[in-house]
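Enquirer: Give me a model of this one.
(2 chains)
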Amino acid sequence: MIPALLFATSSTLVHLSGVDLAIIIFYFALVLAIGLYLKEQANTGEDFFMAGREMTAWVAGLAFLSANLGSLELMGWAGNAYKYGILAAHWYWIGAIPAMLFLALVMMPFYHICKTHSVPGYLKLRFGQGAQGVSSISFAFMTVLMSGINMYAMAVVMKVVLGWNIHFSIWVSAMTVAVYVALGGLRSAIFNEVLQFFLIWAGALLIPILGLIEAGGWSGLQARILKNLTELNVPNPGSYTHLWSTLGSFSANPMGINWVGIVFGLGAVISMGYWTTDFLVIQRVLSAKDLRSAELAPIIGAAFKMMVPFIVILPGLLGLALLRDPQGHLLRLVPADLAWSAEGQAQGLHGYDEVLPLMLARYCGPGLLGLGITALIAGFMSGMAGNVSAFTTVWTYDIYGALINKNASDPAKVRMGRWVTVIGVVVSIGTAYFAARAPSIMDYVQELFSFFIAPLFGTVILGMLWKRATPAGGWTGLLGGTLASIGMYTWVRIDPTAVRYVALSMDAQEQAQNMFRALWSCLFCIVVTVVVSYLTRPKPEQELKNLVYGLTPLPKSEDVSMLQSPVFWGIVVAAAFLVLQIIFW
Amino acid sequence: MKSGGSLSIWFFIGISLLVNGALIFARGIYEIIHPPQQQVVLFYLHANVWWGGLLLILGVVYGLHYSPLHQRKRNAANPNAS
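Expert: Presented below is the predicted three-dimensional model:
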């Protein structure tokens, strides 16, 4: 029965051999074994939802990154690199590194000292139940949607590469995640995320290595891209391999964005919002055993994050340079809706997000192919487990425990957590089909971020740094910012010419629109919070202790050597980040 | 460093790299002896041999270093270590 389910279509890139199947089956067995092994250590709420708060900096740091490194990261950003060129690397560098360092060195002490179990939990302490309610419900909504995207991304890989039935891929992988997270809670999710981190690198690293050999190194790659895009009459062909030099105007680069959108929309709002307030990643750091580990964890994550473009962005660029159809003509990938239409299927078209599987099939024979597929499955599982475990915690503590059953006992919360894990997986399966309608996976993800994450960052940062912010200001600002973002999105959908106001240019592509929408919604949130705060009564300072800068006694730095100091490693990572910007300017 | 139960996460990673590396390396050796008719691009580099070998070595190192037996010996030698 399984072969009939698996090989449901004939137009596949590759067929798995016995050794490939053995590698994939071994992976599933191992993650389930880890879940079973850790079940006995997930009996209390602190164990199940916070992994006992005993993770080392390395484990928390790798899990922090791995939870973000889902299959949509691998496939979606490879697809975006094909579509937008090296500009996509901004989402790994300026769109991540400064925010991760800011989290480590500025915000982590507040999260750690107040011992919150979630970001909405912090908002409750700081602003009361209104802000907690808005943030927890929007977060729960976003996480199940994100799980759906992850599932869809993985199912597409399986269908494109192997011809596996989409429903089969979704259900088998989703249920595996449900089992190991329901059994071992966050500890199981974190253990598997670290394992998945290694598998992702082991499976994906060969593509850029072999690709660069074939292309003749970085200069050879640049020359081929220039030649191919010139041949295809693509505007600004030289801009595909430059990070900053084409951001002087909207029309000089394939994304239709300028440096303001990248620096402020992405670097200052979307990135700061995601890496400092998205509980999916914050939860991993909160599991660290002490403050120094909690500070080091995002720095370790940042160091590895800087290297991820090598396995994600570079394969997309290699696709631009090297991919050809069976007749030897340049292969031009197209938007997913066109590729998946009946006409596109008849012509054998491939979508942007298929570039990574296409490169995988190009270089990886039996064995390596199984490892590459396992890397994509692992990416899917780490992304989904991250969403599910965060959703479970927020639901149990911030919705069930705060709004439905305020007197729930600890064992009752653990039981609820196990059930909600399974229910969350089932609900997110439904959203996988919704994600299939987005023209590019990452555009869809950034739309969600601009709705929920950007205003949340405004609320959290004001809450941490400005003691005058009031509870009414906090929740009205958060709600107002979210509604403003959704309103701008709807406006552009109804009237596409509104892009000139929302994104400042008619050249703005989807990603550019998302960046500017995020920027405006965050600013709107801040303005509303400030205005309402001045019109309402602030909380007494006594109640803000351990929550706000200036009222929180920060612990003195441990007497550790320079090599153990978070500040030292933060400076090292920041320097490496600057060097990369100059190299690829 | 356990960060969990008595088995370290690094032990699981070692086992995973070891098994995957062994399978890929063995397949690479087989393909040198019996080259397939349909070959991937850059097949002549035999990436599965050296990549599989590298994973295998890493797996052995991690697996041994973080094996429960090795951990017990270390704990016995240094009872104050966590």
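
Enquirer: which sections of the chain are below the confidence cut-off?
Expert: Answering for chain A, as no chain was given. Residues of chain A that meet the criterion pLDDT under 70 lie in A:1-13, A:71-72, A:157, A:161, A:435-446, A:449-450, A:556-558.

Enquirer: um, chain B though
Expert: For chain B, counting by pLDDT under 70, the residues that fall below are B:1-5, B:79-82.

Enquirer: Now do the SS call for the residue nearest the centre of it.
Expert: Most central in chain B under Cα atoms, centre = their mean is residue B:59, positioned 2.0 Å from the mean C-alpha point. Three-state call for residue B:59 (DSSP: H, G, I helix; E, B strand; the rest coil): helix.

Enquirer: Please name the residues that touch it.
Expert: When contacts are counted by Cβ atoms under 8 Å, 6 or more residues apart in numbering or on different chains, residue B:59 touches B:14-22. Just so you know, the C-beta spots here come from the backbone N, C-alpha and C atoms, and that holds for glycine as well.

Enquirer: can you check residue A:84 too?
Expert: A:240, A:253-255, A:509, A:511.

Enquirer: Now the stretch 201-350 of chain A against chain B: closest residue?
Expert: residue A:210 (5.3 Å; Cβ to the nearest Cβ).

Enquirer: tell me the SS of that residue?
Expert: At residue A:210 the chain is in helix, as set by three-state DSSP.

Enquirer: Counting neighbours, what do you get for the residue nearest to it when sequence neighbours are not counted?
Expert: Among residues not flanking residue A:210 along the chain, residue A:363 sits closest, at 4.5 Å (Cβ to Cβ, 6 or more residues apart in numbering or on different chains). A count of nearby residues for residue A:363, using other Cβ atoms under 10 Å in any protein chain shown, gives 25.

Enquirer: shouldn't residue A:363 be in contact with residue A:205?
Expert: No - under the criterion of Cβ atoms under 8 Å, residue A:363 is not in contact with residue A:205, lying 11.3 Å apart.

Enquirer: Run the contact check for the biggest helix by length in chain B versus chain A.
Expert: Ranked by residue count, the top helix of chain B under DSSP state H comes out as helix B:9-33. Yes - shown here: helix B:9-33 in contact with chain A (Cβ under 8 Å from any Cβ of the partner chain) through B:9, B:12-13, B:15-17, B:19-20, B:23-24, B:26-28, B:31.

Enquirer: Pick out the one among those residues with the largest number of neighbours.
Expert: Result: residue B:24 is most packed of the residues of helix B:9-33 next to chain A (other Cβ under 10 Å), 32 neighbours.

Enquirer: Surely that one touches residue B:50?
Expert: No - Residue B:24 is beyond contact range of residue B:50, at 10.0 Å (criterion: Cβ under 8 Å).

Enquirer: tally of neighbours for the residue in chain A positioned nearest to chain B?
Expert: Closest to chain B within chain A is residue A:367: 3.8 Å, counting by Cβ to the nearest Cβ. Using other Cβ under 10 Å, the number of residues around residue A:367 comes to 29.

Enquirer: And the one 3 residues further on, by the same measure?
Expert: The local packing count at residue A:370 equals 28, with neighbours defined by other Cβ under 10 Å.

Enquirer: Contacts only, for it.
Expert: If you count contacts by Cβ under 8 Å, 6+ apart, then residue A:370 has A:16-17, A:19-24, B:23-24 around it.

Enquirer: So it lies in a helix, does it not?
Expert: Yes - according to three-state DSSP, residue A:370 belongs to a helix.

Enquirer: Just give the closest residue to it, not the sequence neighbours.
Expert: Closest to residue A:370 by Cβ to Cβ, 6+ apart is residue A:20, at 3.0 Å.

Enquirer: The one you found and residue A:365 touch, don't they?
Expert: No - with contact defined as Cβ under 8 Å, residue A:20 does not reach residue A:365; the gap is 9.5 Å.

Enquirer: quick revisit: just the buried ones among the contacts of residue A:370, please.
Expert: For the contacts of residue A:370, a burial check counting by 16 or more other Cβ atoms under 10 Å in any protein chain shown picks out A:16-17, A:19-20, A:22-24, B:23-24.

Enquirer: Adding distance to residue A:224, write the residues you listed out as TSV.
Expert: Formatted as TSV, these follow (distance: Cβ to Cβ, whole Å):
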residue	distance to residue A:224
A:16	30
A:17	31
A:19	33
A:20	30
A:22	36
A:23	32
A:24	33
B:23	34
B:24	29
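
Enquirer: Would you reformat these as a markdown table and include distance to residue A:534 and secondary structure?
Expert: Shown next, in a markdown table, are the buried ones among the contacts of residue A:370 (distance: Cβ to Cβ, whole Å; DSSP: H, G, I helix; E, B strand; the rest coil):
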| residue | distance to residue A:534 | secondary structure |
| --- | --- | --- |
| A:16 | 63 | coil |
| A:17 | 68 | coil |
| A:19 | 67 | helix |
| A:20 | 63 | helix |
| A:22 | 65 | helix |
| A:23 | 61 | helix |
| A:24 | 59 | helix |
| B:23 | 65 | helix |
| B:24 | 64 | helix |
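
Enquirer: I figured residue A:118 hits residue A:395, correct?
Expert: No - when contacts are counted by Cβ under 8 Å, residue A:118 is not listed as touching residue A:395 (10.0 Å).

Enquirer: For the stretch 101-250 of chain A, list the residues in contact with chain B, please.
Expert: Proximity of the stretch 101-250 of chain A to chain B (Cβ under 8 Å from any Cβ) is limited to residues A:187, A:191, A:194-195, A:198-199, A:202, A:206, A:210, A:213-214.
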